[in-house]
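K.L.:
task: produce atomic coordinates for the following.
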Amino acid sequence: MSKQIQHKRPKYTLEFKLDVAKLVLEQGYTHQQAANNLGISLSAIGRRVRAERRPGAKPTTDQPSRLNLSGQAELTRLRQENEQLRMEREILKKAAVFFANKVD
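P.N.:
Prediction:
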């Protein structure tokens, strides 16, 4: 039996992915320079840059729409904010019921 070595793929934050794309798109780095400086693969750089260049791919009937990296970051932020607001609303509802019962 041969042992297969499984390598763990590193998980990068959305901010890191955005910074990778900005190096190439805004700072003028080549893909190779960015890969060497950051210690990640050339194909990973290419994926990040392509994802950021995509202006907001038009959805097709068989694929869901895909957001670029900045769109994903905004969506994540808005989801967190939405959850926070829901929790605050529930607390206010409970407080309103509490004070309404206390007045009686």
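
K.L.:
and stretch 20-40, what's its mean pLDDT?
P.N.:
Computed over stretch 20-40, the mean pLDDT rounds to 89.

K.L.:
now the helices: where do they sit in this protein?
P.N.:
14-25, 31-38, 42-53, 69-103 (DSSP state H).

K.L.:
the first one to helix 69-103, inter-axis angle?
P.N.:
Taking axes from the mean of the first three to the mean of the last three C-alpha atoms, to 10 degrees, one finds that helix 14-25 is oriented at 150 degrees with respect to helix 69-103.

K.L.:
buried ones in helix 14-25?
P.N.:
Buried residues in helix 14-25, counted by 16 or more other C-beta atoms under 10 Å: 17-24. Placement of C-beta: from N, CA and C, glycine included.

K.L.:
low-confidence ranges in this protein?
P.N.:
1-3, 55-66, 103-104 (pLDDT under 70).

K.L.:
tell me how far Thr30 lies from Gly46.
P.N.:
Distance, Thr30 to Gly46, by C-beta to C-beta, to the nearest Å: 11 Å.

K.L.:
and if you look at Glu74?
P.N.:
Taking C-beta to C-beta as the measure, Glu74 falls 23 Å from Gly46.

K.L.:
now Gln84
P.N.:
When Gln84 is compared with Gly46 (using C-beta to C-beta), they lie 36 Å apart.

K.L.:
neighbour count winner among the two?
P.N.:
Relative neighbour count places Gly46 above the other of Gln84 and Gly46, with 14 against 10, counting by other C-beta atoms under 10 Å.
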